[in-house]
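In: Output the structure for:
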Amino acid sequence: MASFTTKKATDSLHSSHQRILYMTTTALFAALICVTTAWIFHIPIGVNGGYVHVGDALIYLAAAILPTPYAMAAGAIGGAFADLFTAPLWAPATFIIKMLIALPFTNKKDTIIVPRNVIGVLIAAVISFVGYYIAEVLLFGTWAALIPSIIGTLAQSGGSAVLFLVFGFALDRMRFKSSGIDKLL
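Out: Sure thing, here's the model as predicted:
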């Protein structure tokens, strides 16, 4: 009986430790997403308060490293706070959209750059485009913003995809996910 109790306590401690590591890593990703979205490589475009940034690359990276619910939280919180600092009108839409763009990725492989994650950047771009286009229609009541939306989404998603691939290949080359670092996660 004592052996069972000890194993249960050890499993509980491990589970608690793992949750704390996930939450801490999620908070770090949210902060990095916020900073890179709001201020680093932040390029305003259009007249509607939109901007191009590379913060989505970190959402993709979080989604390839963290379990999905944590990656979704990092993207939603980081993106929404960035908008609260720079374009508050967009924060509610951003919260939902950034949460959804983490869905196409997987963290269940030994490397970051896997076919699903490469395809994930394309699916995330579609989610982002559709989400922000719907938000723009709801906020401004016009369907005429289709072309500027496409251009902005292509620039932002394309730049973020390239950066994600560069970071992912670099981390894979360092054997990040198999080196034991992710074992902490």
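In: What pLDDT does the model give the residue most central in space within the chain?
Out: What sits nearest the mean C-alpha location of the chain, by Cα atoms, centre = their mean, is I59, with 1.7 Å. I59 carries a pLDDT score of 98 in this model.
In: Mind telling me what element the residue nearest to it when sequence neighbours are not counted is part of?
Out: Closest residue in space to I59, ignoring its immediate chain neighbours: G75 at 3.9 Å, by Cβ to Cβ, 6 or more residues apart in numbering. Heads up, the C-betas are built off the backbone N, CA and C, glycines and all. In this structure, G75 sits in helix 68-86 according to DSSP states H and E.
In: Downstream of that helix, the next helix or strand is which one?
Out: Once helix 68-86 ends, the next helix or strand along the chain (criterion: DSSP H and E) is helix 91-100.
In: what's the residue nearest to the centre of the chain in contact with, if anything?
Out: Contact analysis of I59 by Cβ atoms under 8 Å, 6 or more residues apart in numbering lists F29, I33, A71, A74, G75, G78, G79, K98, I101, A102, A124, S160.
In: cutoff 10 Å now
Out: Contacts for I59 (Cβ atoms under 10 Å, 6 or more residues apart in numbering) come out as 29-30, 32-33, 36-37, 71-72, 74-76, 78-79, 98-99, 101-102, 105, 124, 128, 160, 164.
In: remind me which residues of this protein are low pLDDT?
Out: Counting by pLDDT under 70, the low-confidence segments of the chain come to 1-14, 46-51, 145, 180-185.
In: which residues in it form helices?
Out: Using DSSP state H, the helices of the chain run over residues 2-38, 55-65, 68-86, 91-100, 115-140, 146-173, 181-184.
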